[in-house]
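Peer 1: need coordinates for the below:
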Amino acid sequence: HTHTHTQSIWVFRFRCRLETMASNFDERSGVVPSATPFGTWHQTIDEVVVVVEAGEGTRGKDVSVDIFPQRICCKIKGKTIFEGKLGGVVVVDDSLWTVEDRRLVRIVLTKSGRRADNTWPSLLEGQYAADAGTFDEMQKKMTLERFQRENPGFDFSGADLTGNYQNGGPDLTGPS
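Peer 2: Numbers count the residues shown, from 1 in each chain. Presented below is the predicted three-dimensional model:
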């Protein structure tokens with residue numbers, strides 16, 4: 001009986017470590033933002049984060065963000081900021097938005113396909129695309145993030161990638 005209890009604590013600890021590791025990785029390596037008329041968006045293996053410059057004094061009640069698996073609509077004070085078909089599929093229940101410093105709206109969309117090769121080329125289909133250079137950096141970053149997860153003992157945050165990092169990069173694990 002005590003055995004299972006210890007096991008669940010270990011799993012919980014391990015999950016926490018992975019989560020703090022992923023956020024630390026972002027803090028250490030910086031995000032690769034793509035500019036939009038309303039702010040920026042960036043992505044990790046798990047998430048797409050949209051930051052909207054909402055204007056001073058914005059409150060939660062001024063904001064409406066409707067998130068669907070493949071669509072989104074963001075309104076501030078009744079005015080539509082952006083809406084359309086998303087660049088990928090999201091898990092609605094794990095996605096959220098917050099108002100920060102009463103001037104920024106941060107929308108965190110959890111990707112349904114959480115793999116390094118699932119880099120969204122644009123926030124919305126046909127809109128707010130990352131330019132070629134930014135998209136390239138995003139792919140690099142997500143490949144490094146994948147290496148970091150697969151090799152927790154190493155620090156990839158300052159690493160630079162050359163060669164094949166498109167579509168999630170090469171498989172470092174070798175034949176199993």
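Peer 1: which strands or helices does the top strand by length along the chain pack on?
Peer 2: Scanning the chain for the strand with the most residues, using DSSP state E, yields strand 90-100. Secondary-structure packing of strand 90-100 (3 or more Cβ pairs under 8 Å, 6 or more residues apart in numbering; DSSP states H and E): strand 63-67, strand 104-111. The C-beta positions use only the backbone N, C-alpha and C, and glycine is treated the same way.
Peer 1: in TSV: these, plus distance to W41.
Peer 2: What follows is these, written out as TSV (distance: least, Cβ to Cβ, whole Å):
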stretch	distance to W41
strand 63-67	13
strand 104-111	9
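Peer 1: could you identify which of those strands is most buried?
Peer 2: strand 104-111 (a mean of 20; mean count of other Cβ atoms under 10 Å).
Peer 1: tell me the strands beside it, with direction?
Peer 2: strand 47-53 (antiparallel), strand 90-100 (antiparallel) (DSSP bridges).
Peer 1: dump it to CSV, restricted to CA.
Peer 2: Only the C-alpha atoms of strand 104-111 are listed here, as CSV (Å, rounded to 0.1, in the frame of the first residue of the first chain):
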residue,chain,number,x,y,z
LEU,A,104,-2.2,43.1,-22.0
VAL,A,105,-4.4,40.1,-22.8
ARG,A,106,-2.4,36.8,-22.8
ILE,A,107,-4.1,33.9,-24.5
VAL,A,108,-2.5,30.4,-24.0
LEU,A,109,-3.7,27.8,-26.5
THR,A,110,-2.7,24.2,-25.7
LYS,A,111,-1.8,22.4,-28.9
